[in-house]
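Asker: Give me the fold of what follows.
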Amino acid sequence: MRFEWHDAALHALLNGPSGPVARDVLRRGKKVETAAKMLVRVDTGRLRGSITTVLAAEGGGPVAIVGTNVDYAIYQHNGTRWMTGTFFLTRALPAAAS
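Answerer: The predicted structure follows:
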C-alpha cells in the first residue's frame, strides 16, 4: 500500500470555497438566516428581506456571516429604552446545530 499526502488537495478540501466543509458551513448559515427571518419583528418586511448569509474566509477557514445592512436592525435586535429587543440573530444561532 502506498500513501501520498497532497497538501494542496487537503487544503482545498478543508478550506476551499467549494469544498465540503465550506458547503456545510454555508448550509448551516442559511439555516440561521431562515430562523432569524422567522424571529424578527415585521412591519414593512424590509428588515426581514435584508437578512442574508455570505461565505467568507477567516483564520484560514470558511465562516458564514449572517446579518443585515439595515441601519435600524441593531435597535430591533438589542432593543432600546422604549422597547425590548428580539435578539433575532442570537436566538437563531441554535438552528446551525441541526
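Asker: all contacts plus neighbour counts: C-alpha atoms, from now on.
Answerer: Fine.
Asker: Let me know how buried the residue lying closest to Gly60 once chain neighbours are set aside is, in neighbour terms.
Answerer: Leaving aside its chain neighbours, Gly60 sits nearest to Asn15 (6.9 Å; criterion: Cα to Cα, 6 or more residues apart in numbering). For Asn15, the count of nearby residues is 19 (other Cα atoms under 10 Å).
Asker: where does this protein dip in pLDDT?
Answerer: Nowhere does the chain drop to pLDDT under 70.
Asker: would you list every one of the helices in this structure?
Answerer: All helices of the chain, identified by DSSP state H, fall at 7-15, 20-39, 46-50, 73-78, 88-92.
Asker: So for the second one, what gets flagged as buried?
Answerer: For helix 20-39, the buried set under the neighbour-count rule, 16 or more other Cα atoms under 10 Å, comprises 21-37, 39.
Asker: try the first one
Answerer: Neighbour-count burial for helix 7-15 flags Leu14, Asn15 (criterion: 16+ other Cα under 10 Å).
Asker: What lies in contact with that helix?
Answerer: Outside helix 7-15, the residues that touch it by Cα atoms under 8 Å, 6 or more residues apart in numbering are Gly19, Pro20, Val21, Ala22, Gly60, Gly61, Pro62.
Asker: CA atoms of stretch 16-33 as CSV?
Answerer: C-alpha atoms of stretch 16-33 as CSV (Å, rounded to 0.1, in the frame of the first residue of the first chain):
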residue,chain,number,x,y,z
GLY,A,16,-11.7,25.9,-0.4
PRO,A,17,-14.9,27.8,-1.1
SER,A,18,-16.4,24.8,-3.0
GLY,A,19,-15.2,22.1,-0.6
PRO,A,20,-17.5,20.0,1.6
VAL,A,21,-16.5,22.0,4.7
ALA,A,22,-17.4,25.3,3.1
ARG,A,23,-20.7,23.9,1.8
ASP,A,24,-21.6,22.6,5.2
VAL,A,25,-20.7,26.0,6.8
LEU,A,26,-22.9,27.8,4.2
ARG,A,27,-25.8,25.3,4.7
ARG,A,28,-25.7,26.0,8.5
GLY,A,29,-25.5,29.8,7.9
LYS,A,30,-28.6,29.5,5.7
LYS,A,31,-30.4,27.7,8.5
VAL,A,32,-29.6,30.6,10.9
GLU,A,33,-30.7,33.1,8.3
